[in-house]
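S.K.: below are the sequence and a predicted model for it; my questions follow.
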Amino acid sequence: MMGKLVVDSLVTWAKAYKVDGFRFDLMGHHPKANILAVRAALDKLTLARDGVDGRKILLYGEGWNFGEVADDARFTQATQANMAGTGVGTFNDRLRDAVRGGGPFDANPRVQGFASGLYTDPNGDEVNGSAAEQRARLLHQHDLIKVGLTGNLRGYRFTDSTGERVTGAQVDYNGAPAGYTAAPGEAVTYVDAHDNEILYDALAYKLPQGTSAQDRARMQVLALATTALGQGAGFVTTGSERLRSKSLDRNSYNSGDWFNQIRWDCAQGNGFGAGLPPEADNKDKWSYAKPLLADPSLVPDCAAIELADARYAELLRVRRSSPVFGLDTAEQVQKRVAFPLSGTKETPGVLTMTLDARGLDRKWKSVTVVFNATPQTAEQTVTGLRGANVALHPVLRNSADPALRTASFDRAAGTFTVPARSVAVFVQS
């Protein structure tokens, strides 16, 4: 009867209220059969009879495997791996952890990642290990991000950072396969959500404390770009494009507007330093939080907030500009998405992705995205583009960030030059 209630409720909301998408909290605690029954019931809805095309309704949820139902103990669960091939999306924690660094339950929140300075801009905390250990971990994060950028496909074949030819399922994520989907739309890629620290707060813990407000904004945009420019569905917490902070509160569901509000007036800051987050879920991090919350330089000014906001809008315009950012099938992703500088050619902290747009995009033959998470200008040579007519994406030629406007392509050498802490997109005509 509970399963029937779930199905009947969603059908009612879809028909009577025209709700066009549903998210399931702790979806892994639902039977897979129940979620598939929802999908089947919605698919039967038609515009002519019901006023809604049920096949266009989005379903996604938290496919975590834990608790009393873990490992299909009571039924086949609606978990990440089990939902592959169903068309139902699941949140992709693999890319989240690689981009941010560490995990949401770390005792020490200063564990760094790709977009928080691991190896290339160390924060000095011994939790990150030696330089050699940091470099090795960063390169493995490259592989997790590559899998994430392709929609976490289990069968996607690419060269990893060691030079080995692997599939997404062969890349390790804490003992589980990084790649688990059968189609890119089954991955909901994100770097922050309502749970755990919002992105600005995670970076406040992880970046060197002396990082400027402008550079914090750039790293925020770089992190968000991994969701905006990858395959599959991108999920972004409202306000993260404006550097929204919850004053380091990692579980703010019951914290009221004092910690949760979005400050649309940048003159009021972004919420950082509003107070010590509530004891119940944050006391174990207070020793790390107190000196940060007392630092006024960590409250971004209007220039930094407006820079992040404008740059994120640019990312969305770039994504909309070409269908190659939204491929439907694993076969299309395998054919069109590549990482040409993987293996021995890989620069720690820099990722280069090429997208073959021929026959799909009427404007461009290819699109190249360079993610430079380092504090230095990066050069990336793609020999296959030597002599090609490549230029900075039209949206970025007048970017809100003056530094990004300097990104360039040397046609004779096939070399991209991208400023520090930036993501640049180039198009081939």
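M.R.: That came through fine.
S.K.: need the helices for the protein, in chain order.
M.R.: Counting by DSSP state H, residue ranges of the helices within the chain are 2-17, 32-43, 47-50, 93-100, 131-149, 199-206, 213-228, 256-260, 279-282, 286-293, 302-321, 330-336.
S.K.: for the fourth one, what is the average pLDDT?
M.R.: In this model, helix 93-100 has an average pLDDT of 98.
S.K.: same deal with the longest one?
M.R.: Looking at helix 302-321 alone, the average pLDDT works out to 98.
S.K.: which residues touch it?
M.R.: For helix 302-321, the external contacting residues (CB atoms under 8 Å, 6 or more residues apart in numbering) are 213-214, 216-218, 220-221, 224-225, 228-229, 234, 236, 241-243, 266-267, 270, 325-326, 363, 393-396, 399-401, 404, 423, 425. C-beta coordinates here come from the backbone N, C-alpha and C atoms, glycine included.
S.K.: mark which of those are buried, thanks.
M.R.: Of the members of these, the ones counted as buried by neighbours, 16 or more other CB atoms under 10 Å, are 213-214, 216-218, 220-221, 224-225, 228-229, 234, 236, 241-243, 266, 270, 325, 393, 395-396, 399-401, 404, 423, 425.
S.K.: what about the strands in the stretch 101-250 of the chain?
M.R.: Counting by DSSP state E, counting those that start in this stretch, one finds strands in the stretch 101-250 of the chain at the ranges 157-159, 165-167, 172-173, 176-177, 187-190, 233-235.
S.K.: deepest of the ones you listed, which one?
M.R.: With neighbours taken as mean count of other CB atoms under 10 Å, those reach their highest mean count in strand 187-190, at a mean of 27.
S.K.: residues contacting it, please?
M.R.: Strand 187-190 has contacts (CB under 8 Å, 6+ apart) with 60, 89-92, 95-96, 148, 151-152, 181, 226-227, 230-237.
S.K.: stretch 284-300 too?
M.R.: In this structure, residues lying in contact with stretch 284-300 by CB under 8 Å, 6+ apart are 107-110, 204-205, 209, 213, 216-217, 243, 247-248, 250, 269-270, 272-273, 275-277, 282.
S.K.: follow-up on the earlier one: for the helices of the chain, give me TSV that also has distance to residue 72.
M.R.: Below are these laid out as TSV (distance: least, CB to CB, whole Å):
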stretch	distance to residue 72
helix 2-17	17
helix 32-43	9
helix 47-50	34
helix 93-100	19
helix 131-149	24
helix 199-206	32
helix 213-228	30
helix 256-260	36
helix 279-282	30
helix 286-293	38
helix 302-321	36
helix 330-336	25
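S.K.: right, and those - which one's nearest residue 409?
M.R.: Closest approach to residue 409 among those (CB to CB): helix 302-321, 16.1 Å.
S.K.: what inclination does that closest one have with respect to helix 213-228?
M.R.: Orientation check (axes from the mean of the first three to the mean of the last three CA atoms, to 10 degrees): helix 302-321 against helix 213-228 gives 20 degrees.
S.K.: what about helix 302-321, distance to the chain center?
M.R.: For helix 302-321, the distance between its averaged C-alpha position and the chain's averaged C-alpha position is 15 Å (CA atoms, centre = their mean, to the nearest Å).
S.K.: same thing with stretch 422-429?
M.R.: 19 Å.
S.K.: can you pull the buried residues of it?
M.R.: Using 16+ other CB under 10 Å as the burial criterion, the residues of stretch 422-429 that qualify are 422-428.
S.K.: got the contact list for it?
M.R.: Contacts for stretch 422-429 (CB under 8 Å, 6+ apart): 218, 221-222, 225, 229, 315, 318, 322, 363-372, 385, 388-396, 401, 403-404, 407, 409, 416, 418.
S.K.: ok, now with 7 Å
M.R.: Contacts of stretch 422-429 with the rest of the structure, by CB atoms under 7 Å, 6 or more residues apart in numbering, involve 218, 221-222, 225, 318, 364-372, 385, 388-393, 396, 403-404, 407, 409, 416, 418.
S.K.: ok, of these, which come out buried?
M.R.: Applying 16+ other CB under 10 Å to these, the neighbour count classes 218, 221-222, 225, 318, 364-372, 385, 388, 390, 392-393, 396, 404, 407, 409, 416, 418 as buried.
S.K.: any idea how far residue 133 is from residue 193?
M.R.: Look at residue 193 and residue 133: by CB to CB, to the nearest Å, they are 29 Å apart.
S.K.: look at these two and report which has more neighbours.
M.R.: For the pair residue 193 and residue 133, the greater number of neighbours falls to residue 193 (18 against 11), based on other CB atoms under 10 Å.
S.K.: contacting residues for that one?
M.R.: Applying CB under 7 Å, 6+ apart, we find residue 193 in contact with 235, 237.
S.K.: start at 107, not 1
M.R.: Renumbered: residue one is now 107, and that last one reads residue 299.
S.K.: and the pLDDT for it?
M.R.: 94.
S.K.: please apply the same query to residue 525.
M.R.: For residue 525, the model assigns a pLDDT of 98.
S.K.: for it, grab phi and psi.
M.R.: phi -70, psi 170 (degrees, to the nearest 10).
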